[in-house]
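Visitor: requesting a structural model of the entry that follows:
(2 chains)
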Amino acid sequence: MSDPVLTLSGLDAHYGDFQALYGIDMDVHAGEVIAIIGANGAGKTTLMRSISGLLGNGAAQVRFKGQPIGALRADQVAYAGIALVPEGRQLFPSLSVEENLKLGGTVGRAGPWGLDAVYDLFPVLAERRAQPSTSLSGGQQQMVAIGRALMSNPDLILFDEISLGLAPVIIKSIYDALPGIVGDGMTAMIVEQDITKALAVSSRVYCLQEGRVSLTGRVEDITRDQITAAYFGVAP
Amino acid sequence: MIEWVNAVVQGVLLGGLYALFAAGLSLIFGVMRLVNIAHGDLIILAAYLGLSTTVMLGIHPFVALLIVMPAMAGIGYILQRGLLNQTLGPDILPPLLVTFGLSVILQNALLEGYTADPQKLNAGAIETASLSAGGLTIGVLPLLTFAMAIAVIATLQWVFYATALGRGFRAVSDNQDIAQLMGLNKAHVFGLAMALALAVTAIAGILLGVRTSFDPAIGGGRLIFGFEAVIIGGLGNIWGTLAGGVILGVAQTVGAKIDPGWQVLAGHVAFLIVLAVRPNGLFPRVEH
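Guide: Residues are numbered from 1 along each chain as shown, chains lettered A, B, ... in the order given. Just a heads-up that it's a prediction; the model follows:
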């Protein structure tokens, strides 16, 4: 197999005195879609923050395309080619829909994604391009958040709690759009509470429990019982 | 009657100068929630830089802007990256203390370098030129100052709402972490914001120095006028800042018309009335 795009080796993460991640090891290969599952507080969001540079780590604990990026700032990580769709959308309220998207293109990496491609993917955003981003529904805001991340043409895109707080019909439409996003070779990691949804679009899964990897494997190789055990920490 | 109209007109024009004092202050607070206590002293620093430039090169103060504006912008960027960025955080006290200290340092450095003697920038005939219209006599310099204020504020508005730089300012102001995720280095963005603010300060300082004499100690007073204009206009609204400056200016000239001793007091009273009646200012930013 080719060299992994992303390698985590012994990744520890701390918030002050509190340690949130303990020695996470992970390999992600080009074009893979990885599901990250786990209970609240298992460290999923911390993992996203560590990879995206919002949380500083030891330089060599996170390697991306062979380069140590663990100690880089988030803006430097963005230029390296990692984009995060943050939990809770986190659009810029002072910016219109289109300005949010344009801001996502700040990095200016070459690739297929631009305003037109995002509007093709989510036509409703084209109609609302001039509106304040906060005037949209939750689902539409999530579309803007996804589009904003795509605008940088990342090599690796991270989705944190992509369906949290959205209506089922909206979640379905966003998951329907996912193959169009990750289909053309983009590597993705999806943090998700809804395990069925996450596994349906992923090739491999990592389950976190209390800051450690409690289960990993190919989606087709692991059973529901294994996931339940890994999720809640019950001995299998 | 005509002298009252005259007082109001002079006040409006004076308001342009106050809006220029306030614009940089408003911009900095809007982008990074930094209250810059040294802002008034930076205006005076710009006036002194204008003095040195005009004396050394023998050029007109307005031409000196071509040198003082980039110089102040450079000072702003270095000041922000080298000092002020380190003070920004969840606690609002460190930037207040550090800029207060900076204010003291600037005043004493100017005192050391230029002595306490009042100085003035010599702009030649334009200082005394005036236009007459309908019984009113309007100075060309105040008119120019007011026009400059409108131009500066229109430019800031354009930068904020129609350029990638302004988009970055607003994004960082909204959410620093997420802006950083989008590839904006907030330390750099803040540096650019301070550079822009101090470029405006250069205009304010030169126009102040042409209008009146200045000495190293008057920065504090300019800071207060700038603050009052920002608060009257409403935080985060750049056109409101112009309105705030005008209200402050009119209150001062009308107050001075009643009794020359009331000029500054009348401005403060107008400010307090607005603060009591509309604590968010007259034109607060509309939240979407």
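Visitor: helix, strand or coil for the residue nearest the centre of chain A?
Guide: With the centre of chain A defined as its mean C-alpha position, the nearest residue by Cα atoms, centre = their mean is A:L158, 1.7 Å away. Three states are possible here, and by DSSP: H, G, I helix; E, B strand; the rest coil the one that applies to A:L158 is strand.
Visitor: doesn't A:T216 lie inside a helix?
Guide: No - with three-state DSSP as the criterion, A:T216 is assigned strand and is not in a helix.
Visitor: in contact with it, which residues?
Guide: A:T216 sits next to A:26, A:204-207 when contact means Cβ atoms under 8 Å, 6 or more residues apart in numbering or on different chains. Every residue, glycine included, has its C-beta placed from N, CA and C.
Visitor: out of those residues, which touch chain B?
Guide: For chain B, no contacts are drawn from the contacts of A:T216 by Cβ under 8 Å from any Cβ of the partner chain.
Visitor: quick one: the strands in chain A?
Guide: In chain A, strands defined by DSSP state E lie at A:6-15, A:18-28, A:33-38, A:62-64, A:67-68, A:82-85, A:156-160, A:187-191, A:204-209, A:212-218, listed in chain order.
Visitor: adding mean pLDDT, write these out as TSV.
Guide: As requested, the strands of chain A are arranged in TSV below (pLDDT from 0 to 100):
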stretch	mean pLDDT
strand A:6-15	94
strand A:18-28	94
strand A:33-38	93
strand A:62-64	96
strand A:67-68	94
strand A:82-85	96
strand A:156-160	95
strand A:187-191	94
strand A:204-209	94
strand A:212-218	92
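Visitor: what about the helices in chain A?
Guide: For chain A, applying DSSP state H gives helices covering A:44-52, A:74-80, A:97-104, A:115-121, A:123-127, A:138-150, A:168-182, A:195-201, A:224-232.
Visitor: now those helices as CSV including distance to chain B, mean neighbour count and mean pLDDT?
Guide: Formatted as CSV, the entries for the helices of chain A read as follows, by distance: least, Cβ to the nearest Cβ, whole Å; neighbours: other Cβ atoms under 10 Å in any protein chain shown; pLDDT from 0 to 100:
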stretch, distance to chain B, mean neighbour count, mean pLDDT
helix A:44-52, 6, 24, 95
helix A:74-80, 4, 21, 96
helix A:97-104, 5, 25, 96
helix A:115-121, 14, 16, 94
helix A:123-127, 17, 15, 94
helix A:138-150, 7, 24, 94
helix A:168-182, 18, 15, 85
helix A:195-201, 22, 17, 88
helix A:224-232, 28, 15, 86
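Visitor: show me what the residue nearest to the centre of chain A bridges to in the sheet.
Guide: Beta-bridge partners of A:L158, counted by DSSP bridges, are A:L84, A:M189.
Visitor: was I right to think it contacts A:M189?
Guide: Yes - between A:L158 and A:M189 a contact is recorded at 5.0 Å, counting by Cβ atoms under 8 Å.
Visitor: can you check which residues contact both of the two?
Guide: Shared contacts of A:L158 and A:M189, defined by Cβ under 8 Å, 6+ apart, are found at A:48, A:51.
Visitor: picking that back up, Throw together a PyMOL command that grabs the buried residues out of the contacts of A:T216.
Guide: Buried members of these can be picked out in PyMOL with the line below, counting by 16 or more other Cβ atoms under 10 Å in any protein chain shown:
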select buried, chain A and resi 26+204+205+206+207
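Visitor: contacting residues around A:F159?
Guide: Contact criterion Cβ under 8 Å, 6+ apart gives A:85, A:146, A:188-192 as the residues in contact with A:F159.
Visitor: could you dump the residues you listed into JSON lines with distance to B:T163 added?
Guide: Converted to JSON lines, the contacts of A:F159 look like this (distance: Cβ to Cβ, whole Å):
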{"residue": "A:V85", "distance to B:T163": "26"}
{"residue": "A:I146", "distance to B:T163": "26"}
{"residue": "A:A188", "distance to B:T163": "33"}
{"residue": "A:M189", "distance to B:T163": "34"}
{"residue": "A:I190", "distance to B:T163": "35"}
{"residue": "A:V191", "distance to B:T163": "35"}
{"residue": "A:E192", "distance to B:T163": "38"}
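Visitor: now those residues: which count as buried?
Guide: With burial judged by 16+ other Cβ under 10 Å, the buried subset of the contacts of A:F159 is A:85, A:146, A:188-192.
Visitor: wait, doesn't B:V269 sit right on B:L248?
Guide: No - using Cβ under 8 Å, B:V269 is not in contact with B:L248, being 10.6 Å away.
Visitor: of these two, who's got more company?
Guide: The residue with the greater number of neighbours, taking B:V269 and B:L248 and applying other Cβ atoms under 10 Å in any protein chain shown, is B:L248; the counts read 31 against 13.
Visitor: buried sites along the longest helix anywhere in chain B?
Guide: Among the elements of type helix in chain B, defined by DSSP H, the one spanning the most residues is helix B:2-32. Neighbour-count burial for helix B:2-32, with 16+ other Cβ under 10 Å as criterion, is recorded at B:6-7, B:9-32.
Visitor: any idea of the mean pLDDT for whatever helix or strand comes next after it?
Guide: Note on helix B:2-32: by DSSP states H and E, the next helix or strand toward the C-terminus is helix B:39-57. Predicted confidence along helix B:39-57 averages 97 (mean pLDDT).
Visitor: by contact count, what packs against helix B:39-57?
Guide: Here helix B:39-57 touches helix B:2-32, helix B:61-79, helix B:93-114, helix B:186-211, helix B:219-233, going by 3 or more Cβ pairs under 8 Å, 6 or more residues apart in numbering or on different chains; DSSP states H and E.
Visitor: buried ones in it, by neighbour count?
Guide: B:39-51, B:53-54.
Visitor: with only the CA atoms kept, save it in PDB.
Guide: As requested, C-alpha coordinates have been extracted for helix B:39-57 and formatted as PDB (Å, rounded to 0.1, in the frame of the first residue of the first chain):
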ATOM      1  CA  HIS B  39      -4.300  56.200  20.400                       C
ATOM      2  CA  GLY B  40      -4.300  59.900  21.300                       C
ATOM      3  CA  ASP B  41      -0.500  59.800  21.800                       C
ATOM      4  CA  LEU B  42      -0.100  58.000  18.500                       C
ATOM      5  CA  ILE B  43      -2.000  60.900  16.800                       C
ATOM      6  CA  ILE B  44       0.400  63.300  18.400                       C
ATOM      7  CA  LEU B  45       3.400  61.100  17.400                       C
ATOM      8  CA  ALA B  46       2.100  61.400  13.800                       C
ATOM      9  CA  ALA B  47       1.900  65.200  14.200                       C
ATOM     10  CA  TYR B  48       5.500  65.300  15.300                       C
ATOM     11  CA  LEU B  49       6.600  62.900  12.500                       C
ATOM     12  CA  GLY B  50       4.900  65.400  10.200                       C
ATOM     13  CA  LEU B  51       6.800  68.300  11.900                       C
ATOM     14  CA  SER B  52      10.200  66.500  11.400                       C
ATOM     15  CA  THR B  53       9.400  65.600   7.800                       C
ATOM     16  CA  THR B  54       8.300  69.100   6.800                       C
ATOM     17  CA  VAL B  55      11.300  70.800   8.600                       C
ATOM     18  CA  MET B  56      13.900  68.300   7.300                       C
ATOM     19  CA  LEU B  57      12.700  68.000   3.700                       C
END
